[in-house]
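1. Pasted the sequence and its predicted model underneath.
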Amino acid sequence: MNENYSPSSNKRHTHLRTQYGPWAVVTGASSGIGREIALELGRAGLNLVLIARSEPSLQQLADEVTSQFHVETSVLPLDLGQDASIDTLVNATRNLDVGLLVAAAGFGTTGPFLTADLVQELEMLNLNCRALLTLSWHFGRRFAAQGRGGLVLLSSIVGFQGMPNAAHYAATKAYVQALAEALHVELAPKGVDVLASAPGPTNSGFADRAGMRMGAALSAAEVAQSTLNALGRTPTVLPGFLSKLLTYGPGLLPRMLRVRVMGQVMHGMTKHRIVS
């Protein structure tokens, strides 16, 4: 354990181990928010099942976590957009005492809807929604049966209203947000905590893939810290001031005006690549 951490951090780490250990499953662990959450969980002393498509990146993370924090790791290089990969993950973790699922795998697209690549949009739907649903069902049932556990589902501030120039991506995150909010209520009596983490602009590999340029953005480490601090305390966390401003600031506006405002925000981040 890092001796530079404050007593409050150590207390939080103890809570994570006790409530959600000894094993956690983290999807999208090779980069960005998923990677930083995995590092923070390893720092707290949880053993980790790390899932993403890139085996070299996962193995590098596993080596880092093992050497620094002396926890066990299991690396599963899987494309969760494929049904067979979900079955592989579920079977591979069947005999582990898993108490936490962090569903951070996902990607986004930007640009006019009518010029989108339909194959890519369907791949995004499968990963952002279908895979997340299936894993939430499998692990939610496991956690409810054992009377404890946690689900962390990666939402986004774009999921609170439509988002022109990222219409389908925002729709996938609206799905995640609504699912997490409902499961938070349903599973609480069974001892299972459910959290939607809805960050705003974040410096990560996600933005590069989506073709976005962002100015005042949080680091992935800041999002990870805020997310884990909120787990078990609230149904939704909005990491960072900008996330709160962009979500609550237009709150009194009519919904369609909020859609237009957020569309202008997205246009500003993607104007270098949007064509009519």
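-> Thanks, I have the structure now. Residues are numbered from 1 along each chain as shown.

2. Which strand or helix spans the closest residue to residue 221 other than its chain neighbours?
-> The shortest distance from residue 221 to any non-neighbouring residue, by CB to CB, 6 or more residues apart in numbering, is to residue 36 (4.6 Å). In short, each C-beta sits where N, CA and C put it, glycine included. Using DSSP states H and E, residue 36 sits in helix 32-43.

3. Remind me what that helix packs against, helices and strands.
-> Applying 3 or more CB pairs under 8 Å, 6 or more residues apart in numbering; DSSP states H and E, one finds that helix 32-43 makes contact with strand 23-27, strand 47-52, helix 55-69, strand 98-103, strand 149-154, helix 205-210, helix 220-230.

4. now the fifth one and helix 32-43, what's the angle there?
-> Read that as strand 149-154. Between strand 149-154 and helix 32-43, the angle comes out at 150 degrees (axes from the mean of the first three to the mean of the last three CA atoms, to 10 degrees).

5. and strand 149-154, what does it pack onto?
-> Using 3+ CB pairs under 8 Å, 6+ apart: strand 149-154 touches helix 7-20, helix 32-43, strand 98-103, helix 132-146, helix 167-187, strand 192-197.

6. Output those as JSON lines; include the columns mean neighbour count.
-> Below are those laid out as JSON lines (neighbours: other CB atoms under 10 Å):
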{"stretch": "helix 7-20", "mean neighbour count": "16"}
{"stretch": "helix 32-43", "mean neighbour count": "25"}
{"stretch": "strand 98-103", "mean neighbour count": "26"}
{"stretch": "helix 132-146", "mean neighbour count": "18"}
{"stretch": "helix 167-187", "mean neighbour count": "20"}
{"stretch": "strand 192-197", "mean neighbour count": "26"}
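
7. Could you tell me the least trusted of those?
-> Per-stretch mean pLDDT for the helices and strands packed on strand 149-154 is lowest at helix 7-20 (a mean of 88).

8. if we can go back for a sec, the helices and strands packed on strand 149-154: which one's closest to residue 90?
-> Evaluated with CB to CB, those place helix 132-146 nearest to residue 90, the distance being 5.2 Å.

9. Which elements pack onto the closest one?
-> Secondary-structure packing of helix 132-146 (3+ CB pairs under 8 Å, 6+ apart): strand 23-27, helix 83-92, strand 98-103, strand 149-154, helix 167-187, strand 192-197.

10. right, and the residue nearest to residue 221 touches residue 224 too?
-> Yes: look at residue 36 against residue 224 with CB atoms under 8 Å: they come within range, at 3.7 Å.

11. Quick one: closest of the helices and strands packed on helix 132-146 to residue 139.
-> Among those, the nearest to residue 139 by CB to CB is strand 98-103 (4.3 Å).

12. Report the backbone C-alpha coordinates of the closest one in CSV.
-> Extracted in CSV, the C-alpha atoms of strand 98-103 (Å, rounded to 0.1, in the frame of the first residue of the first chain):
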residue,chain,number,x,y,z
VAL,A,98,-16.0,-11.7,-7.3
GLY,A,99,-17.7,-8.8,-5.5
LEU,A,100,-17.4,-6.0,-8.0
LEU,A,101,-18.0,-5.5,-11.7
VAL,A,102,-16.8,-2.3,-13.3
ALA,A,103,-18.2,-2.1,-16.8
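
13. Turn the helices and strands packed on helix 32-43 into a markdown table, including distance to residue 136.
-> Converted to a markdown table, these look like this (distance: least, CB to CB, whole Å):
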| stretch | distance to residue 136 |
| --- | --- |
| strand 23-27 | 11 |
| strand 47-52 | 14 |
| helix 55-69 | 22 |
| strand 98-103 | 7 |
| strand 149-154 | 6 |
| helix 205-210 | 20 |
| helix 220-230 | 16 |
